[in-house]
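Colleague: pasting the structure only:
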């Protein structure tokens, strides 16, 4: 059997299973049908179909049309020849397929709902699409006489609520379950806690419905509390489990109570609010966890880069400092050789040999240190095209705790249309962190009750269209003239106990990028201002 034929048979089998599951779910959810159309207050087939449209696209349309038509014939008394059967099935299938295409191809959400944005777009498009589909389908039924125009709005609302609650409850659950192995590692596997959470859901339902014939809708807030707990502990995947459990419990409760369709729909609107709350809260929790795991990995990477650069700069500084006494040693040795050659006693030949060897070794040491300095000066840059605002944002996030601790405000001013930079983002971020930290610490040490402010500006460098100019300015005490002149040299510092390597490292990084960094003169007591230039991405700037 050919591979293509096997693939075709597998697809037919999968779509056949989908049709069977669709009809089964429709049959199970056919509770308290509204009017002759058999509209249910909860339509899980809509959630199933929407999840599959998101993953499989338009090719699922024929199977969905068949599934809807079969459900209408088997469960709602329609026939394939009825004027509304195929048109309504086509509207539903094409409507949800189009909404899924919009989410995947235009909005480009992740099927794993990896970001808060993905979930909000999914819910927003689902709400709009299900409402549009409800209006068109009910209009078809009204036009064929199966529904009355007088009750058009009421019927459409019931249709919409059933579909949208089916999507809100089931679609995120199915999307996340498709990748459950990786996600469940982040969910607490505590059976005692999970049992308590399920018990809390059951308790909330009991408080609302209790043992009386009537319901206590005023206690509906009790359904939110377990979902908040579950979402905070389990994130989005936990929230989807909790929502499914709550929905099943709610449907079971209203069935046991024997409520009419209007009351059930009322509770389904409540369930929609509960589901959206749980999903959004779970997504926020996941987003925060991802950010914390990243704001840790990124700090470790920055620390590693800082240690490596600091070590290299220190080696360069030491090489520079040691090369001078070694050079002097060579001069002294040659002077001693000259004196011995003049016949000053002893064994001149042996003295000459020893002094020659000393001079050779001293010269060799100087060459080794010079080679080391040149090697370290070349550095190791991983240059890529990056937008400078994102690098600056990361630096600000890293320095936020320090700036908040010392009550320093940081104002960022970016020129419109700022081009991308061609830089090593980690190294440049380290430069910005060094400059910001210096300004914050100087402001914290300054006296006076004035507001502590830092301004960061970025623009195309005046007179040099190939570079971007960044300015970091504060309203602190500023630099003395003698310090400003040697600020970027190794071991120059204004801090008590400082090593004086931070700005020297920054200069090395900027110059390795082909830019420069300097102190902009400011009037005494009017603050400090440092400027630096970095290369633009010329290929992107010319587009």
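Modeller: Now that the structure is in, tell me what you want to look at. Note that the structure is predicted; figures quoted are calculated from it, not measured.
Colleague: which residues touch the closest residue to residue 420 other than its chain neighbours?
Modeller: Take residue 420 and drop its neighbours on the chain: the residue closest to it by CB to CB, 6 or more residues apart in numbering is residue 537, 4.3 Å away. Glycine gets a C-beta too; all of them are placed from N, C-alpha and C. Listed by CB atoms under 8 Å, 6 or more residues apart in numbering, the contact partners of residue 537 are 385, 419, 420, 421, 422.
Colleague: Likewise for residue 58?
Modeller: 97, 101.
Colleague: Quick check: the gap between it and residue 66.
Modeller: 15 Å (CB to CB, to the nearest Å).
Colleague: Check residue 535 too.
Modeller: Distance from residue 535 to residue 66, by CB to CB: 60 Å.
Colleague: can you check residue 72 too?
Modeller: 11 Å.
Colleague: Now do the shared contacts for the two.
Modeller: The contact lists of residue 72 and residue 66 share residue 89, where a contact means CB under 8 Å, 6+ apart.
Colleague: between the two, which one's more packed in?
Modeller: Neighbours per residue (other CB atoms under 10 Å) separate residue 72 from residue 66, with residue 72 holding more: 22 against 18.
Colleague: Setting aside sequence neighbours, what's the nearest residue to that one?
Modeller: Residue 72's closest residue in space is residue 78 (CB to CB, 6+ apart), at 4.2 Å.
Colleague: So that neighbour belongs to a strand, correct?
Modeller: No - going by DSSP: H, G, I helix; E, B strand; the rest coil, the assignment for residue 78 is coil, not a strand.
Colleague: Please tell me I have it right and it contacts residue 88.
Modeller: No - judged on CB atoms under 8 Å, residue 78 makes no contact with residue 88 at a distance of 9.1 Å.
Colleague: and those two? which has more neighbours close in?
Modeller: Legend: neighbour count by other CB under 10 Å for residue 78 and residue 88, higher for residue 88 (26 against 21).
Colleague: could you show me where the strands are in this protein, in order?
Modeller: For the chain, applying DSSP state E gives strands covering 384-386, 408-414, 421-423, 452-460, 467-474, 517-519, 528-535.
Colleague: Residue 261: which of the ones you listed is closest?
Modeller: Residue 261 sits nearest to strand 408-414 of all the strands of the chain, at 55.7 Å, using CB to CB.
Colleague: which one of the strands of the chain is the most hemmed in?
Modeller: Each of the strands of the chain was scored by mean neighbour count; the highest is strand 421-423, a mean of 25, by mean count of other CB atoms under 10 Å.
Colleague: Show the average pLDDT along it.
Modeller: Mean per-residue pLDDT for strand 421-423: 91.
Colleague: Low-confidence ranges, the stretch 101-250 of the chain, go.
Modeller: 179-189, 211-218 (pLDDT under 70).
Colleague: My read is that residue 411 contacts residue 453, right?
Modeller: Yes - judged on CB under 8 Å, residue 411 makes contact with residue 453 at a distance of 6.8 Å.
Colleague: Residue 162 and residue 395: what is the separation?
Modeller: Distance check for residue 162 against residue 395: by CB to CB, it reads 50 Å.
Colleague: Equivalent analysis for residue 456, please.
Modeller: Distance of residue 456 to residue 395, given as CB to CB: 9 Å.
Colleague: Now for these two: what residues contact both?
Modeller: Shared contacts of residue 456 and residue 395, defined by CB under 8 Å, 6+ apart, comprise 432, 436.
Colleague: can you map out the helices along the stretch 151-300 of the chain?
Modeller: 152-177, 180-183, 191-209, 224-257, 261-341 (DSSP state H, counting those that start in this stretch).
Colleague: ditto for the stretch 1-150 of the chain
Modeller: Taking DSSP H, counting those that start in this stretch as the test, the helices found in the stretch 1-150 of the chain are 3-28, 44-56, 61-76, 85-101, 116-143.
Colleague: closest to residue 522 out of those helices?
Modeller: Using CB to CB, the nearest of the helices of the stretch 1-150 of the chain to residue 522 is helix 116-143, at 42.5 Å.
Colleague: give the contact list for residue 101.
Modeller: Here residue 101 is in contact with 53, 57, 58 (criterion: CB under 8 Å, 6+ apart).
Colleague: Can you lay out those as CSV showing distance to residue 153?
Modeller: CSV is the format used below for the contacts of residue 101 (distance: CB to CB, whole Å):
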residue, distance to residue 153
53, 27
57, 33
58, 31
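Colleague: Now do the shared contacts for residue 78 and residue 88.
Modeller: Common neighbours of residue 78 and residue 88 (CB under 8 Å, 6+ apart) are residue 72.
Colleague: check contacts around residue 385.
Modeller: Here residue 385 is in contact with 420, 421, 422, 537, 540 (criterion: CB under 8 Å, 6+ apart).
Colleague: who does it bridge with?
Modeller: residue 422 (DSSP bridges).
Colleague: Alright, calling it a day.
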